[in-house]
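In: Quick check, what structure comes out for this input:
(4 chains)
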Amino acid sequence: MAKVTSLENAIRDNVNDGDIIAMEGFTHLIPFAAGHEIIRQGKRDLTLIRMTPDVIYDQLIGAGCARKLIFSWGGNPGVGSLHRLRDAVEKGWPQALELEEHSHAAMANAYEAGAAGLPCAVIKAYANTDYPKVTKTIVPMECPFTGEALVAIPSIRPDVAVIHAQKATTKGDVLIEGILGVQKEAVLAAKRAIVTVEEIVDDLGDVHPNACILPSWVVSAVAEVPRGAFPSYAHGYYSRDNKYYQDWDNIARDRDSFQAWIDENIMQSATGDAS
Amino acid sequence: MAKVTSLENAIRDNVNDGDIIAMEGFTHLIPFAAGHEIIRQGKRDLTLIRMTPDVIYDQLIGAGCARKLIFSWGGNPGVGSLHRLRDAVEKGWPQALELEEHSHAAMANAYEAGAAGLPCAVIKAYANTDYPKVTKTIVPMECPFTGEALVAIPSIRPDVAVIHAQKATTKGDVLIEGILGVQKEAVLAAKRAIVTVEEIVDDLGDVHPNACILPSWVVSAVAEVPRGAFPSYAHGYYSRDNKYYQDWDNIARDRDSFQAWIDENIMQSATGDAS
Amino acid sequence: MSELLEYSGDEMMTVAASRALADGTVCFVGIGLPSAAANLARLTHAPNVVLIYESGTIETKPDILPLSIGDGELSETALTTVSVPEMFRYWLQGGRVQVGFLGAAQLDKYANINTTVIGDYDAPKVRLPGGGGAPEIATHSGEVFITLRHSKRGFVEKLDFITSAGGQPGGDNKKRCGGKGPTKIITDLCIMEPDSQTKEFIVTSMHRGVERQQIIDNTGWGVRFAEEVTTTPEPSAHELEVLRDLHRRTKEAHAGEA
Amino acid sequence: MSELLEYSGDEMMTVAASRALADGTVCFVGIGLPSAAANLARLTHAPNVVLIYESGTIETKPDILPLSIGDGELSETALTTVSVPEMFRYWLQGGRVQVGFLGAAQLDKYANINTTVIGDYDAPKVRLPGGGGAPEIATHSGEVFITLRHSKRGFVEKLDFITSAGGQPGGDNKKRCGGKGPTKIITDLCIMEPDSQTKEFIVTSMHRGVERQQIIDNTGWGVRFAEEVTTTPEPSAHELEVLRDLHRRTKEAHAGEA
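Out: Residues are numbered from 1 along each chain as shown, chains lettered A, B, ... in the order given. As a prediction, this is how the structure comes out:
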């Protein structure tokens, strides 16, 4: 049953050094505030999972929280490279970063299989590409009925999933609307789940019978963090701050300016103030 | 692109003798009117697929349309047996009926895999049961990463899927709300799809961003058939006629009374009048 | 005061089954007797029990009992309704269900269930509806409760077909299935639970007024009794009132439909 | 009248790419150049083109170009928005996409694409973003169009990494992949299509004013020309107007956001 608490407590209670952690949100509803709290609490040796490790993971990697990254597209969307990710991969700063690289299709299916309680996903993927040469967890299989070539990939089953959503009730039921990404799957695949929300309400009101709702009993902690997805966006609340993403390119290009930014905007800032 | 047409034409153009056909609707939105039109047009040698072959398939089987049934629960919900199904299985009347029997979980996953373009579904199912002794399409597998026991089942990929929904637009986009069942998967798994709807509207209006909508380009034919799910129900339109299901028990118990019912209510009735 | 109450064996069974559900439990509900018991629990001692039906309805709070597994009432009163593939993939196989609550046509002493055929599969004496959701409810739920009326036809020495797996003789069920399998059978005469060694279901509690011989006469195998057999607490006036109200509302509502 | 129009190589490329999309086509759209071309098609000759983005937005009709693959505009103007697993399972792998429209960092003469690394994978000179949706867009779409600017850095003899598969030398691509693979490369200089025998991409149409030597100089392999090379029809005044409007609206909207 979800505990409605502060972001600080939610992270402290559920994220441990060395955890496998999935922070999801596909462009929309990226849990930036929770990421900043993880940096602020100095978590270390995390295995970070994310389909699109954009600016949020650039910040975590640059701040030295991560030892491994499982991902399928690592860039600053619409802008260019992630300089902190590249610096870790190309030069080992601030520490070496192990990569496990997949395609979006494989990652989405691996989350889906994790949510479905399966140890692996069996799909059609990677035909004639070089992925199987570098990613050892891609295993060729054959359909027992048709002989068709398939691949198996291990399902994603994180220690903890972190997402941001529009609303939760005081009881902890969570509503997500608009671009849903893989958030439901990440939560259901994980042992523990933290959800930050724009607002906590008494009830979800007159919502569509088939809306994407996560019941409180699949969530560990819910924290109200208005603008918790900033600089990404929350459908119905605020738009994406494209300038932030563009500015990030300059900030992250240089180690010193990056560290100054982290100090000023994360370390010296109270929980939930990062925007 | 969906052709908006009459039920009669939709069935005539898309259902052929010998087809593999899936008519879905999980208690809710069962495409009864379309089933009656199939009986009326005298289709033969169909392989009928349906998770819960309730009264609708009892009628098709008794009317001699089917040579095989792929299913997971064959009863009259809340009432008892399907007498026409039992008569076909136990006594071969009006013709023998081959059975391929699964569990709900396996059927649901087989539809899902069909929609996903996969030749098979790999799941955890059937542990310590007798299904694998009688259903030859259940193949044991092992997870290549954990060694866990899994089974593969062939995906369902029908020639034609038939469903009933609340609304379609004049362009043929289809909206389904409430208990969704496996209708989306059945349509996406099939080569052709027929959708009957309560009403055709100019546009779907202010619908939830994540509502279950089938775009017109995955549908072959749309026909407006008000009360086309009767005696099952359509969320937002009418309730289930429980008395019809109870009465069916008596009608179907006896071959003569069944045939009289079919003659009077299906054969001598115009398309769409069956309620 | 309870000795003044009159109630039927079915009512005793439903009340006993309802009490097996602890408040807050996530329960996957089969139609029929389990549905009555699960909703009685929700309306009495377990207001926060979470009821899931295989039609995709999650955290449903029906005011009347559904006649089918997919009645409109289930979706209208649910927290949300998901597709049937999602229900079986994410919620059941995904391990989110703590208790699976099943009915049965026939079961054996290990609580294997048959709802498929009487007689030979290819030339059946009676063709039953089949398993529906039960085979995987039985294996993927944390544990399984079964409720059915006691009779020799229902409690048999050997099943013609195993539709849903019970406990395995002497075996470690969890290893093969993910859950503990059946842990309680609740009938109109008694409650049975597995012997920790043999996994055979034995009588652990008898309902008031029931004689051992009645249970022996209505069980198709040589039924055993636990060393200490308790007496099932009787239904309370409140439980009976809520149950009867529920059945009355249900009957009125279903009669009222077209 | 067309000789009076002035337009850039990028504009020619976008217009040529947009014309490759027939009306009514179901197109899975990559971000950047493909998104501009696909939306230009929708706003000119192909009003019924169906645009799908990997964020789960189906039949989207953005008024401005998205900066990312999951901008709010995409969901707000979509027929419906599904989860990302559903997008990749039912819609892409399910075979519902007729044309996959991709950009690229590097490609070779068979239209294999690299968006992963320059140099050795384990000690890269440049770490690129990776494949995202492209590996399966390339294999599961009915056919694939690729659009990128012509340069020696982009058009290389040998890729350091195959992120998304192109045609296979002499091979039957359909057998292995479900789709035909890449059938068109549209650049700011020309259009290339696969030789039916060797599967090597050769120049089949050159944009007005482009010399063969320019293409040779900007291609990292010994580029070949079809026996008959046509001249790409120039952008019309209407196409240019719509494209420039689209870019202007896009710029204004994105500058306007916080």
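In: Now do the same contact list for the nearest residue to residue C:52 once chain neighbours are set aside.
Out: In this structure, residue C:52 finds its nearest non-sequential neighbour in residue C:28, 4.9 Å apart by CB to CB, 6 or more residues apart in numbering or on different chains. Any C-beta I mention is one placed from the backbone N, CA and C, and that applies to glycine too. With contact set as CB atoms under 8 Å, 6 or more residues apart in numbering or on different chains, residue C:28 has these partners: C:52, C:53, C:54, C:91, C:92, C:97, C:99, C:100, C:101, C:133, C:137, C:141.
In: Now do the same for residue 213: helix, strand or coil?
Out: All of this refers to chain A. Following DSSP: H, G, I helix; E, B strand; the rest coil, residue A:213 is assigned to strand.
In: sorry, should have said chain C
Out: Assignment for residue C:213 (three-state DSSP): helix.
In: ok, now residue C:185?
Out: Here residue C:185 is recorded as strand under three-state DSSP.
In: Tell me how many other residues surround it.
Out: 26 (other CB atoms under 10 Å in any protein chain shown).
In: which element is the nearest residue to it once chain neighbours are set aside on?
Out: Distance criterion CB to CB, 6+ apart; nearest residue to residue C:185, sequence neighbours excluded, is residue C:192 at 4.2 Å. Assigned by DSSP states H and E, residue C:192 belongs to strand C:190-194.
In: and that strand, how far out from the chain's middle?
Out: 12 Å (CA atoms, centre = their mean, to the nearest Å).
In: Not counting that strand itself, show me its contacts.
Out: For strand C:190-194, contacts defined as CB under 8 Å, 6+ apart pick out C:16, C:110-111, C:150, C:167, C:182-185, C:200-207, C:210, C:215, C:226, C:232.
In: among the residues you listed, which ones are buried?
Out: By neighbour count, with 16 or more other CB atoms under 10 Å in any protein chain shown, those hold C:16, C:110-111, C:150, C:167, C:182-185, C:200-207, C:210, C:215, C:232 as buried.
In: Neighbours of residue 46, how many?
Out: Answering for chain A, as no chain was given. 24.
In: my bad, the chain I had in mind was chain C
Out: Residue C:46: 21 surrounding residues under other CB under 10 Å.
In: how close does it sit to chain B?
Out: For residue C:46, the distance to chain B (CB to the nearest CB, to the nearest Å) stands at 25 Å.
In: Isn't that residue up against residue C:25?
Out: Yes - look at residue C:46 against residue C:25 with CB atoms under 8 Å: they come within range, at 7.1 Å.
In: Give me the neighbour count for whichever residue of the stretch 51-200 of chain C sits closest to chain B.
Out: For the stretch 51-200 of chain C, the residue closest to chain B is residue C:70, as judged by CB to the nearest CB, at 2.7 Å. A count of nearby residues for residue C:70, using other CB under 10 Å, gives 31.
In: can you tell me the helix or strand for it?
Out: With DSSP H and E as the test, residue C:70 turns up in no helix or strand.
In: Now do the same contact list for the residue lying closest to it once chain neighbours are set aside.
Out: Spatial nearest neighbour of residue C:70, excluding adjacent residues (CB to CB, 6+ apart): residue B:27 at 2.7 Å. Contacts for residue B:27 (CB under 8 Å, 6+ apart) come out as B:52, B:77, B:179, B:181, B:232, B:240, C:55, C:68, C:69, C:70, C:71.
In: Reformat those residues as CSV; add pLDDT and secondary structure.
Out: Shown next, in CSV, are those (pLDDT from 0 to 100; DSSP: H, G, I helix; E, B strand; the rest coil):
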residue, pLDDT, secondary structure
B:52, 95, coil
B:77, 86, coil
B:179, 96, coil
B:181, 97, coil
B:232, 96, coil
B:240, 91, coil
C:55, 95, coil
C:68, 78, coil
C:69, 76, coil
C:70, 79, coil
C:71, 83, coil
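In: nearest to residue D:42, of the residues you listed?
Out: Taking CB to CB as the measure, residue D:42 sits nearest to residue B:181 out of the contacts of residue B:27, at 33.5 Å.
In: what's the distance between the nearest residue to residue C:124 once chain neighbours are set aside and residue B:252?
Out: Spatial nearest neighbour of residue C:124, excluding adjacent residues (CB to CB, 6+ apart): residue C:117 at 4.1 Å. Here residue C:117 is placed at a distance of 19 Å from residue B:252 (CB to CB, to the nearest Å).
In: rewinding a little: pLDDT wise, what is the residue nearest to residue C:124 at?
Out: We have a pLDDT of 95 for residue C:117.
In: Report the beta-bridge partners for it.
Out: Beta-bridge pairing for residue C:117 (DSSP bridges): residue C:127.
In: residues near it, how many?
Out: Other residues lying near residue C:117 total 25 when counted by other CB under 10 Å.
In: Does it touch residue C:163 like I think?
Out: No - with contacts counted by CB under 8 Å, residue C:117 stays clear of residue C:163, the gap being 9.1 Å.
In: now the strands: where do they sit in chain C?
Out: Remark: strands assigned in chain C by DSSP state E are C:26-29, C:50-52, C:57-58, C:80-81, C:99-102, C:106-107, C:113-114, C:117-119, C:124-127, C:143-147, C:182-186, C:190-194, C:201-206, C:225-231.
In: Out of these, flag the one nearest residue D:254.
Out: Across the strands of chain C, residue D:254 has its closest neighbour in strand C:80-81 (34.7 Å, CB to CB).
In: What residue in the stretch 101-250 of chain A comes nearest to chain B?
Out: Proximity of the stretch 101-250 of chain A to chain B (CB to the nearest CB) peaks at residue A:208, 3.7 Å away.
In: Return the backbone torsion pair for that residue.
Out: Dihedral pair for residue A:208: phi -60, psi 140, per degrees, to the nearest 10.
In: mind listing what it touches?
Out: B:177, B:207, B:208, B:210, B:211.
In: rerun at 10 Å
Out: A:175, A:177, B:177, B:178, B:207, B:208, B:209, B:210, B:211, B:212, C:80, C:81 (CB atoms under 10 Å, 6 or more residues apart in numbering or on different chains).
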